[in-house]
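>>> here's a sequence, model it:
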Amino acid sequence: MRGLLVLLVACAHPVAPTAGAPDVVVEHVHPKALALADGVVIWSTVHEHTSSIIATPRRGGASRTLVEDIPVVRALVVHDTSVYFATEDRIGRVPIEGGVPEVLVEGPATDLAVTDTGLVWLDSDLGLATTPLTGGEPRVLLAGHGLRGFYVTGGHAYVGGNPQIMRVPLGLGAATPFGGDVEVCADAMLEHAGALYAASCHGLLERIPLDGTEASVVAPDIGFVTSIAESGDRLVLAFGAEKALAVIPFVGGTLRRIPIPTGAERIAIDPREPSFVYVLDEGVASNSGRIVRVAL
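Numbers count the residues shown, from 1 in each chain. Got it, this is the predicted structure:
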């Protein structure tokens, strides 16, 4: 009877997933972009200068090809019932459940954000540009060729560049410097509780209040961050070829590093599943890319 009791107690309290232990969701030579939709991972391939966009169930099942044989995809965004994609020569969208893809904008796009009313993207020729959600002629918000990553929140785009972040209204108004001398070199910014968190080129994680008050350092000497995501009350950082993630509370504290067996060029977290992060390894160094799910 005592043995049965012990067994029942053990079954009633399942063991938590081990931090850093990955489950492979996708194996492909060179996956390129990553986004999450309900129950699936949306990702793109690269093969001989063309891409396909694929939906793969997060926990097993057959993948579906949404778009194929398009120029290399640089960014994917899921918004409502569609997947928006940015390529070397266009911005388009396709229903998550499949259907005919639409071309919304013609021109090279290297990064993309989607709001309820518009598209915002980095154009390698124009700079930061926008159109209505249905596409059309681009309106340039910030001209420039050295722009490196951006984040959209509260009617503004926060754009990384040399040597500082620019705060750019999505409507009327002029771009202004933001955050003092904080310089961002990758897609490593997000907003939380009225502040922009940015991983700088100089190995600092900084908190910059959106009201323009002074920035503060959340964590020093973190290294070069390639991607950043939110998990409840904490930040998750990816370190590319270092094969590591890190977790730190938004309020600051100890930076907990999580070694993983893959590279980590991009990460994504579903707010409904905050204990897991989806990690994209482009396979640049190993010629063996993958997307894995890692417990935090």
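
>>> the residue nearest to residue 123 when sequence neighbours are not counted pairs with what?
Beyond its immediate neighbours in the sequence, the residue positioned closest to residue 123 (Cβ to Cβ, 6 or more residues apart in numbering) is residue 129, lying 5.0 Å away. To be clear about C-beta, it is placed using only N, CA and C from the backbone, and glycine gets the same treatment. For residue 129, the beta-bridge assignment (DSSP bridges) gives partners residue 121, residue 140.

>>> ok, residue 129 - how many residues close by?
Other residues lying near residue 129 total 22 when counted by other Cβ atoms under 10 Å.

>>> what bits of this protein have low per-residue confidence?
When residues are selected by pLDDT under 70, those of the chain lie in 1-20, 162, 285-287.

>>> and the helices in it?
If DSSP state H is used as the criterion, the helices of the chain fall at 2-12.

>>> ok, residue 43 to residue 217 distance?
Residue 43 sits 34 Å away from residue 217, going by Cβ to Cβ, to the nearest Å.

>>> looking at those two, which is more packed in?
Here residue 43 and residue 217 are set side by side on neighbour count (other Cβ under 10 Å), and the busier one is residue 43, at 29 against 14.

>>> so what's that one bridging to?
In this entry, residue 43 is beta-bridged to residue 34, residue 54, by DSSP bridges.

>>> can you give me the end-to-end span of stretch 164-180?
The first and last residues of stretch 164-180 sit 7 Å apart, counting by Cα to Cα, to the nearest Å.

>>> would you indicate which residues of that stretch are buried?
165-168, 170, 175, 178-179 (16 or more other Cβ atoms under 10 Å).

>>> how far is it from where the chain is centred?
On the basis of Cα atoms, centre = their mean, to the nearest Å, stretch 164-180 is displaced by 21 Å from the centre of the chain it belongs to.

>>> please shift the residue numbers so they start at 21 in all later answers.
OK, 21 is where the count begins now, so the last one is stretch 184-200.

>>> apart from its neighbours in sequence, what residue is nearest residue 168?
By the measure of Cβ to Cβ, 6+ apart, the closest residue to residue 168 outside its immediate chain neighbours is residue 180, 4.4 Å from it.

>>> my guess is that neighbour contacts residue 162, does it?
No. Counting by Cβ atoms under 8 Å, residue 180 sits too far from residue 162 to count as a contact (11.3 Å).

>>> residues making contact with stretch 272-282?
Contacts to stretch 272-282, defined as Cβ atoms under 8 Å, 6 or more residues apart in numbering, come from residues 39-40, 42, 238-239, 242, 263-268, 299, 301, 310, 312, 314, 316.

>>> only whichever of the residues you listed are buried, select them in ChimeraX.
If you want just the buried ones from those in ChimeraX, going by 16+ other Cβ under 10 Å, the selection is:
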select :42,238,239,242,264,265,266,267,268,299,301,310,312,314,316
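
>>> so which of the contacts of stretch 272-282 belong to strands?
Here DSSP state E is the test, and the contacts of stretch 272-282 give 42, 238-239, 264-268, 299, 301, 310, 312, 314 as lying in strands.

>>> next, give phi and psi for the closest residue to residue 69 other than its chain neighbours.
If the residues on either side of it in the chain are set aside, residue 69 comes closest to residue 92, at 6.2 Å by Cβ to Cβ, 6+ apart. As for residue 92, its main-chain torsions (degrees, to the nearest 10) stand at phi -50, psi 130.
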